[in-house]
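Peer 1: Need the 3D shape of this:
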Amino acid sequence: MAIVLKVKWVDQSDQSDPYLRIRHIGGHSREFQWKHTHTQAIQSIEDGLFHYYVEKDARTLKLEVGLAPNGCKYLKTPVDGNQSKLLLNLPECPKPAPL
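Peer 2: All right, here's what the predicted structure looks like:
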């Protein structure tokens, strides 16, 4: 049975190619914080280890693996069409508080 994780932020690169822009996705619950690389998240979805989702306008949207025109796998939601628009609009990874 897959573990369900809510994606609350993304870590983006400055790549011009939108399919390569997401480096990490992450979130937190009461118990723990988590951060997965783009590649780890794709592999986890394909292996059935994790199900990721985002919330938008009171809707829960499950992340899925898309295939870019260049053959690259990428993360998207069902409403994104052929790019990760919803994910790319999530907040950036929070910076750790100084000690």
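Peer 1: Hmm, residue 19 is touching residue 80, no?
Peer 2: No: under the criterion of C-beta atoms under 8 Å, residue 19 is not in contact with residue 80, lying 11.5 Å apart. Any C-beta I mention is one placed from the backbone N, CA and C, and that applies to glycine too.
Peer 1: Could you check which of those two has the larger neighbour count?
Peer 2: Summary of the neighbour comparison: residue 19 and residue 80, criterion other C-beta atoms under 10 Å, with residue 19 having more neighbours (21 against 18).
Peer 1: State whether the more buried one is indeed within a helix.
Peer 2: Yes: with DSSP: H, G, I helix; E, B strand; the rest coil as the criterion, residue 19 is located in a helix.
Peer 1: So for it, what's the pLDDT?
Peer 2: Residue-level confidence at residue 19 comes out at 83, pLDDT.
Peer 1: Provide a list of residues in contact with it.
Peer 2: Listed by C-beta atoms under 8 Å, 6 or more residues apart in numbering, the contact partners of residue 19 are 68, 70, 72, 74, 83, 84.
Peer 1: Could you tell me which residues make contact with the last one?
Peer 2: Yep, that's residue 84 we're talking about. By C-beta under 8 Å, 6+ apart, the contact list for residue 84 reads 18, 19, 21, 22, 66, 74, 75, 76, 77.
Peer 1: That one and residue 35, how far apart?
Peer 2: Between residue 84 and residue 35 the distance, using C-beta to C-beta, to the nearest Å, works out to 17 Å.
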